[in-house]
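Student: pasting a predicted model and its sequence here:
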Amino acid sequence: MPTFGVLTGGGDCPGLNAVIRAIVRRALADGHRLIGFHGGWIGIREDDAVELTLENTAGIVTRGGTILGTSRFDPMADGEPGLEALRATLRRRDVDALAVIGGDGTLGAARELWQAGFPLVTIPKTIDNDVAGTDFSVGFQTAVQIATEAIDRLHTTAESHNRVMVVEVMGRRAGWIAASAGLASGADMILVPERPFRIEEVCEQLRARHRHGRRFSIVVVAEGAVSQDGAIGLPGLGDRHPAGDTAAGVLTSHPRSLAAPSGIAFLLRDQIEALTGFDTKVTVLGHVQRGGTPVAFDRILASRFGVAAAEAMLAGRLGVMMALRGSRVIAVDLEEVLAHTKPLDPELYRTASVFFG
Ligand code: F6P
């Protein structure tokens, strides 16, 4: 029986299960067998897999995380012997095509594997929304919603105590979450990796707000933001690391910064307090942004991407990534997509900045 494989790679996010469910539903309807590999690429190397059925994928459209598990294991790390181990599993299991669900690290590996002859299609997911070629990736809208709700809550307590609240959101290389959640929640200042800031200007904005009688402020900062002089920020945080920290022999997470493990929000707080004297508190949202139930937008996008990916495999249209362009889902060449990065849209930042101060 023709067989498709599915895996989720890189950091998890809400909506992955909805993609898996959609691929399974669509491919089963055409008489295909589905195999899910556990823990990303390592599941293929170790031949650790489960058959995906209507039963074990039922009811997962609302569930966060991934029923297959994930890791940041880099399939290219062991060179040709590693690739041969992957090929051996796919041969043994008669896999005709693979559906790879991942962010830019996983998609980069998928492109190399495609070039090395692996039959595959890909689906973009990342809360950071920094995969080029698609308007949105699965998981982003949920992260924005979570961050927005958190900032809304911080607003009321900031106001009661006349405090500056520094809220750190995810985004090592791109400020999509910071700009979107900041705009939605009325942030007074948003700091993103794409626009290095001057701490004196940040503090002057906060002082100006106080002079105009607004005695609290909300500063949203993406984890990869950095000051123009480089003095505030985590050096190297935005670098690409195909392989991350090691836990129990499996590469699982991005390397942490040894220089400033506590994050940019704390560095900012210290500077703001020192330069303005305002009482300043820090909230780091961290992995809460990647947890829990996907919002409806992500469930719908994930389902559309999943069905389109299954149909691309059924049609033998491989080496592509599913993409949302406007309101349409299309398949774009992986090579074309990965030649680009997707920094924050300057127009979005400019719009959000209208509400600063
Ligand atoms: O790439 C998605 C992301 O959530 C980033 O925003 C964040 O910097 C990173 O993953 C955290 O990775 P990990 O969970 O491996 O620490």
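Tutor: Now that the structure is in, tell me what you want to look at. Numbers count the residues shown, from 1 in each chain.
Student: how far does stretch 307-315 sit from its chain's centre?
Tutor: Centre-to-centre, stretch 307-315 and its host chain are 23 Å apart (Cα atoms, centre = their mean, to the nearest Å).
Student: can you show me the strands along the stretch 201-350 of the chain?
Tutor: 217-222, 245-247, 250-253, 280-284, 320-325, 328-333 (DSSP state E, counting those that start in this stretch).
Student: go through the fifth one and flag the buried ones.
Tutor: Of the residues in strand 320-325, those buried under the neighbour-count criterion (16 or more other Cβ atoms under 10 Å) are Val320, Met321, Met322, Ala323, Leu324. Just so you know, the C-beta spots here come from the backbone N, C-alpha and C atoms, and that holds for glycine as well.
Student: contacting residues around the closest residue to the first one other than its chain neighbours?
Tutor: Meaning Val320. Spatial nearest neighbour of Val320, excluding adjacent residues (Cβ to Cβ, 6 or more residues apart in numbering): Ala331 at 4.0 Å. Taking Cβ atoms under 8 Å, 6 or more residues apart in numbering, we find Ala331 in contact with Val121, Ala308, Ala312, Arg317, Val320, Met321, Met322, Ala323.
Student: follow-up on the earlier one: list just the one of the strands of the stretch 201-350 of the chain that sits closest to the ligand.
Tutor: strand 250-253 (3.1 Å; Cβ to the nearest ligand atom).
Student: return the list of helices and strands in contact with the helix or strand where Ser160 lies.
Tutor: According to DSSP states H and E, Ser160 maps onto helix 140-161. Judged by 3 or more Cβ pairs under 8 Å, 6 or more residues apart in numbering; DSSP states H and E, helix 140-161 is in contact with strand 164-169, helix 176-185, strand 217-222, strand 280-284, helix 296-315.
Student: go with 6 Å
Tutor: Secondary-structure packing of helix 140-161 (3 or more Cβ pairs under 6 Å, 6 or more residues apart in numbering; DSSP states H and E): strand 164-169, helix 176-185, helix 296-315.
Student: output the second one as CSV, nothing but the C-alphas.
Tutor: Extracted in CSV, the C-alpha atoms of helix 176-185 (Å, rounded to 0.1, in the frame of the first residue of the first chain):
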residue,chain,number,x,y,z
TRP,A,176,6.7,39.7,14.6
ILE,A,177,5.2,38.6,17.9
ALA,A,178,6.4,41.8,19.7
ALA,A,179,5.1,44.2,17.1
SER,A,180,1.7,42.3,16.7
ALA,A,181,1.0,41.8,20.4
GLY,A,182,2.3,45.2,21.2
LEU,A,183,0.0,46.9,18.6
ALA,A,184,-3.0,44.8,19.7
SER,A,185,-2.5,45.7,23.4
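Student: and the angle for that helix with helix 140-161?
Tutor: Counting by axes from the mean of the first three to the mean of the last three Cα atoms, to 10 degrees, helix 176-185 lies at 50 degrees to helix 140-161.
Student: please parse the chain into its domains.
Tutor: What automatic domain parsing lists as the domains of the chain is 3-138+294-338, 142-291.
Student: quick one: closest of these to the ligand.
Tutor: Taking Cβ to the nearest ligand atom, domain 142-291 is the member of the domains of the chain nearest to the ligand, at 3.1 Å.
Student: how far does that closest one sit from its chain's centre?
Tutor: Distance, centroid of domain 142-291 to centroid of chain: 17 Å (Cα atoms, centre = their mean).
Student: who are the contact partners of the closest residue to Asp188 other than its chain neighbours?
Tutor: Excluding its sequence neighbours, the residue lying closest to Asp188 (Cβ to Cβ, 6+ apart) is Ser217, at 4.5 Å. Residues near Ser217 by Cβ atoms under 6 Å, 6 or more residues apart in numbering: Val164, Asp188, Leu206, Arg209.
Student: what's the answer for Val164, then?
Tutor: Ser217, Ile272, Phe278, Thr280.
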